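S.K.: Please work out how this folds:
(2 chains)
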Amino acid sequence: MKIEVSKNNLKTGLSIVEKIIGKNITLPILDNVLISTENNFLLLTATDLETAIKYWVLAKISKEGKVVVPARFLSSFISLLPEEKILIEEKKQNLSIECKNYKTQLQGFNPEDFPLIPEIKNQESLVVDNKRFCMGLGQIVDIASLSQARPEISGVYLLFSKDSLKIVATDSFRLAEKTIAIENKDKKDYSFILPQKSAKEIINALGDKEGVLKICFATNQTLFELPMEGVKHPQIQVFSRLIEGEYPNYQEIIPSKFKTNITVKKDDFLNHIKTAALFSGKINEIKFIINPAKKSLEILAKNPDIGESTSTLLAKIDGEPMEVSFNHKFLTDGILNIKSAEIMLSLSGEGGPCILKPVGDISYLYVVMPIKSV
Amino acid sequence: MDNKELWQTVLTQIQLGISKANFATWLQNTEIASKEDEVVVVSVPNAFSKEWLSNKYNKLILKILHDLDDKIKEVEYIIKPQGAKVFPVKISNGEKSNIEQLDFEEFKIDKETNLNPRYTFDNFVIGSFNELAHAAAWAVSENPGLTYNPLFIYGGVGLGKTHLLQAVGNKITGGSKKKKIKYISSEKFITGIVNAIRNHNIDVFKNNLSQIDVLIVDDVQFLAGKNKTQEEFFHAFNTLYEKNKQIILSSDRPPNAIPELEERLRSRFEGGMIADISFPDYETRLVILKNKLQEKHLGLPEDVLDYVAANVKKNIRELEGALNRLLIYSKINNSIPSLDTVKKLLKSYIFSPFDVANYKKIIEAVAKFYNLEEKDLFETTRKKEIVRPRQIAMFLLRKELKYSFPAIARKFGGKDHTTVIYAYRKINQEFEENNKLTEEIGLIKQKIYSG
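M.R.: Numbers count the residues shown, from 1 in each chain, chains lettered A, B, ... in the order given. As a prediction, the model looks like this:
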């Protein structure tokens, strides 16, 4: 293998594929990146056997071939090189790198030991706007359950229907849903549960890129593909396994009737919660006392070791007076994903779900269960 | 050599040729899924293993298999994801905090059957008021489809109909035979049909229903007046019944008292076993309280329990509510409430304004029971379907509220008080003789007093 490639292109590619690599003790080959040639492209591949990323770089290929080298090491080394053309060449499994005044030899591994990335061929697919997709996914991904006790909710649920894509995650205490408009030409519904790690990988790798993202559907696996600018060839492919199982009927838990609705300024609300949070106890409990007559929302927290705090927030309140407690962390998680200046808070009693919604934006919804004394 | 042994041998031989890491990565959780003549199908846990085995180890595996059994000419690989690993749910005993982060209850419900695992026979308290229903339900769960079909259970709100229905479902689910069970509320059933009609896929809906082994429909009284739904339900019922599939229904009143129910459905509902659940007696209420306390690992003094059981008699749900109030009080104040405090705390349960019958409620309940508008009762008419309910309303006003006859007459648009006396006597007499009427009035009273 003998290739000429620009330093910056190689660096960008490596920094994207190396993120997927974790510490792998059982199979050390997974710490490496596979560099191979494909027509006029240099292809970088990395995998953790759950997810795989492929990244194509335009390059001048003088001799085909492939090489497997430690990804992190290569990435840190390349980023230190001057902004010049890099000449890379494979010599008996090892990689020699030449750039201006630098000459380096890097020990490699046998490319035959590198995992084969499964291919998804001729599958049904859909396209979405990449930026909007990644942004929406980012608003949801952290809500998924961390515990493996119920695998189906440890992932992010994606439901593609006629004209919309719903992205959902829950950990059974709270739930977030994002709706994105899409064009689904064959009018068929698709859905799958994406592992949380893969979802984060997708945001990392694709998040800041313009373009249309192609999503391919296959049994047990899926592929996200972003094309190159100006060239009809994929730039990045993220392959992921899917979580088996059926996602719960989450629509049922979203109430449609409420006892009390409150509209507050987001930043004020967040500040008051953060203040009270300092005083909250072991289970992060903070209490709301809602008084519609006085148009006031009182936020209370008490900790025998520290002290107590009360703060009052004036707000637009419709409905019944109420006292209800929440885990402040759950509230802030929802609020931080809301982009509007005002938040609508809809409550259904001290034991029922509460909904947070951005005012003037129906695409995001956050449901959280209160804390209750028993 | 069976498939398991065969694969074991293959693994042992492969192990010699490759590194431990490779073996662990690619061959863990693999097995022979099937073996037919020349083709062996090997199941692998993920797509990576499939690629690897079929490209790198295929020759080796085939050779070993062929050596062991020379009929084998081909190996195929399929992906069989590892089933969800079941982790034991940790129940933290001991330090049980009195504050709890609530979660989405709905997620505990089985998506396939709609059953809530919380309801079982084990935590169902049996008393004289429900033993027939319980026995029937138990018999059905032992032998679904053959004992009593359909099983129809009726009784007032908060008495445990849903509990019993779900307990049957849960018991059958837990049994050895795989049965397809579906628990559905009438309301969901109606929405299902409406949606199916709108989306033009009523066939799919019908088809789904006809594959069920045990169909449980809660609160069938809501089917009243929904003719299209009744028609579909009738067909579904017949399909299942003919195939000896179990059908279990519940309602707040017996089939013959459900208004606007088509005759053919009514007769079918009555065709199996009808069992009622009435109000729990004092002793049962006490047992229920004690059971609930045991579930929560808490205790209350005997005289308090006695007071609660003796005074909260409307239904079991209320009883739980009253108990919870006491428990919250004792948690907050860190003391066990005395009888006097209990009396104060439970005032709203015992002397609730909703418990007391009043004029409006009686009229409302009677009108609703006979599916009339309230104003119909006051119409000057002698239509049979109105005269009768009007007489019953008069009877109840006299009997329950001790209204004077002239007062009742005034309420009904200045009728003569003798008319009222006649109505009262007539119903009073029939009340004793006519079982159907006794039952109807009983149900109306239940409505009046249970709000």
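S.K.: Show me the shaky parts of the chain.
M.R.: No chain in the question, so chain A it is. Along chain A, segments meeting pLDDT under 70 span A:24, A:373-374.
S.K.: The intended chain is chain B.
M.R.: Across chain B, the ranges flagged by pLDDT under 70 are B:82-99, B:176, B:349-356, B:450-451.
S.K.: Run through the strands of it in chain order.
M.R.: Here chain B has its strands, by DSSP state E, at B:31-36, B:39-44, B:74-79, B:99-101, B:151-155, B:181-185, B:214-218, B:246-251, B:273-277.
S.K.: Compare the ones you listed and report which one is nearest to residue B:370.
M.R.: Closest approach to residue B:370 among the strands of chain B (CB to CB): strand B:246-251, 16.2 Å. Backbone N, C-alpha and C define where each C-beta goes, glycine included.
S.K.: What is the closest one packed up against?
M.R.: Where contact means 3 or more CB pairs under 8 Å, 6 or more residues apart in numbering or on different chains; DSSP states H and E, strand B:246-251 is packed against helix B:131-142, strand B:151-155, helix B:161-174, strand B:214-218, helix B:227-242.
S.K.: one more time with 6 Å, if that's ok
M.R.: In terms of contacts (3 or more CB pairs under 6 Å, 6 or more residues apart in numbering or on different chains; DSSP states H and E), strand B:246-251 is packed against strand B:151-155, helix B:161-174, strand B:214-218.
S.K.: what's the domain layout of the chain?
M.R.: You didn't pick a chain, so chain A it is. A:2-113, A:125-251, A:254-368 (automatic domain parsing).
S.K.: wrong one, chain B
M.R.: Using automatic domain parsing, the domain parsing of chain B gives B:3-79, B:108-277, B:282-353, B:356-449.
S.K.: I'd like the distance between residue B:75 and residue A:49.
M.R.: Remark: distance between residue B:75 and residue A:49 (CB to CB, to the nearest Å) = 22 Å.
S.K.: The most centrally placed residue in chain A: what's its closest spatial neighbour, skipping adjacent residues?
M.R.: Chain A has residue A:200 as the residue nearest its centroid, 3.4 Å off, counting by CA atoms, centre = their mean. Nearest in space to residue A:200, with sequence neighbours left out and distances taken as CB to CB, 6 or more residues apart in numbering or on different chains, is residue A:141 at 5.9 Å.
S.K.: Switch the domains of chain B over to TSV; also include mean neighbour count.
M.R.: Below are those laid out as TSV (neighbours: other CB atoms under 10 Å in any protein chain shown):
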stretch	mean neighbour count
domain B:3-79	16
domain B:108-277	18
domain B:282-353	16
domain B:356-449	17
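S.K.: To residue A:124, which of the ones you listed lies closest?
M.R.: Here domain B:3-79 is closest among those (CB to CB), at 17.2 Å.
S.K.: That closest one near chain A at all?
M.R.: Yes - with CB under 6 Å from any CB of the partner chain as the criterion, chain A is reached by domain B:3-79 at B:21, B:24-25, B:46-48, B:51-52, B:55, B:79.
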